[in-house]
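Build the 3D model from these lines:
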Amino acid sequence: MKALRTVGSAGAAPQLLVMLPGVAMRPEELFEAGFSDAIERRGLALDLLAVDLSGLGLDAVDTWDALQHQVLTPARERGARVWLGGISLGGMVAMAHLAARPGVADGLCLLAPYPGSRPSVNVIERAGGIDRWQPSAQDLQDPELRVWQWLRQPPAELPVFVGHGTEDRFAARIAQLAERFPAASRHTVPGGHDWSAWRPLWARFLDAGHFH
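Prediction:
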């Protein structure tokens, strides 16, 4: 099992948020964008840890094992409340991890989560939508469709924050994804698929009352 490169801290705070960056995004970029500073300004008892998943896709099971055993499990064993989150593809990976390992996180933070490629989404649309879609064995060989299978009925008790920019190039499909969660979990701000939306969404997430 490879050792994951992480940036940030998983120290003494009683709460930890593990964020998975998007494609070609360095984990340091979350800190350069002020995510950690925003936590500090609010005085929240929350550690932020970003994991380097560069070049790895949804089928990188060894990496998922490393994420579980090197990051999530130790935090929970020390008694921390652990949220899992991600930006863009990182958001889809976070959902995939939770789908494969129910109960491994206490909450989910999705900033502009990648909603899947057009071929995958077309499978669902041809079926008449996610509620009418009956996944076949062949469908479930597609890791993106396995996430959508999980989205058919995500855990009702799981706290979720999901947001995107109104000008995001994936906005319509992200909105379909977001509709699988309660209305209070769904947020939009002006901006595209970039930091212009992700920074204000992060501020809204931190102000939503999940952490004290």
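
make it CA atoms for all contacts and neighbour counts henceforth
Fine.

just the strands in the chain please.
6-8, 15-20, 46-51, 81-87, 107-111, 160-165, 186-189 (DSSP state E).

could I get those strands as CSV with mean pLDDT, mean neighbour count and distance to Glu144?
Converted to CSV, those look like this (pLDDT from 0 to 100; neighbours: other Cα atoms under 10 Å; distance: least, Cα to Cα, whole Å):
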stretch, mean pLDDT, mean neighbour count, distance to Glu144
strand 6-8, 92, 18, 25
strand 15-20, 96, 26, 16
strand 46-51, 95, 22, 20
strand 81-87, 96, 24, 15
strand 107-111, 98, 26, 16
strand 160-165, 98, 27, 18
strand 186-189, 98, 18, 21
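
Contacts for stretch 172-180, please.
Stretch 172-180 is contacted from outside by Ala112, Pro113, Tyr114, Pro115, Leu151, Arg152, Gln153, Pro154, Val162, Gly163, His164, Arg186, using Cα atoms under 8 Å, 6 or more residues apart in numbering.

would you turn the strands of the chain into TSV with distance to Ala203?
Shown next, in TSV, are these (distance: least, Cα to Cα, whole Å):
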stretch	distance to Ala203
strand 6-8	18
strand 15-20	14
strand 46-51	14
strand 81-87	14
strand 107-111	11
strand 160-165	11
strand 186-189	11
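
From the contacts of stretch 172-180, pick the one nearest Gln134.
Lowest distance from Gln134 to the contacts of stretch 172-180 (Cα to Cα) belongs to Arg152, with 10.2 Å.

How about the contacts made by the closest one?
Ile130, Asp131, Arg180.

Just the ones in helices from those residues, please.
Under the assignment DSSP state H, the contacts of Arg152 contribute nothing to helices.

can you pick the most crowded of the residues you listed?
Ile130 (20 neighbours; other Cα atoms under 10 Å).

For that one, give me the pLDDT.
As predicted, Ile130 sits at a pLDDT of 93.

so what pLDDT did the nearest residue to it once chain neighbours are set aside get?
Excluding the flanking residues, the one nearest Ile130 by Cα to Cα, 6 or more residues apart in numbering is Ile124, at 5.7 Å. Here, the pLDDT recorded for Ile124 equals 93.

Ile124 and Trp133 touch, don't they?
Yes - checked against Cα atoms under 8 Å, the pair Ile124 and Trp133 is within contact range at 5.9 Å.

what stretches of this structure score poorly on pLDDT?
1-2, 55-62 (pLDDT under 70).

repeat that for 80
The chain contains residues with pLDDT under 80 at 1-3, 10-11, 54-64, 212.

At which residues are the helices of it located?
28-32, 35-42, 61-66, 73-77, 89-100, 118-126, 143-151, 171-178, 195-206.

on that earlier part again, more neighbours, Ile124 and Trp133?
Using other Cα under 10 Å, the more surrounded residue of Ile124 and Trp133 is Ile124, with 20 against 16.

Quick check on Ala208: phi, psi?
phi -80, psi -10 (degrees, to the nearest 10).

one step back: please identify the most buried of the helices of the chain.
helix 89-100 (a mean of 23; mean count of other Cα atoms under 10 Å).

Tabulate the CA atom coordinates of it in PDB.
The C-alpha atoms that make up helix 89-100 are tabulated as PDB, following Å, rounded to 0.1, in the frame of the first residue of the first chain:
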ATOM      1  CA  LEU A  89     -13.400  15.000  -9.100                       C
ATOM      2  CA  GLY A  90     -12.400  14.900  -5.500                       C
ATOM      3  CA  GLY A  91     -16.000  15.200  -4.600                       C
ATOM      4  CA  MET A  92     -16.900  12.200  -6.700                       C
ATOM      5  CA  VAL A  93     -14.100  10.200  -5.100                       C
ATOM      6  CA  ALA A  94     -15.300  11.100  -1.700                       C
ATOM      7  CA  MET A  95     -18.800   9.800  -2.500                       C
ATOM      8  CA  ALA A  96     -17.300   6.700  -4.000                       C
ATOM      9  CA  HIS A  97     -15.300   6.000  -0.900                       C
ATOM     10  CA  LEU A  98     -18.400   6.500   1.300                       C
ATOM     11  CA  ALA A  99     -20.500   4.300  -1.000                       C
ATOM     12  CA  ALA A 100     -17.900   1.500  -0.800                       C
END
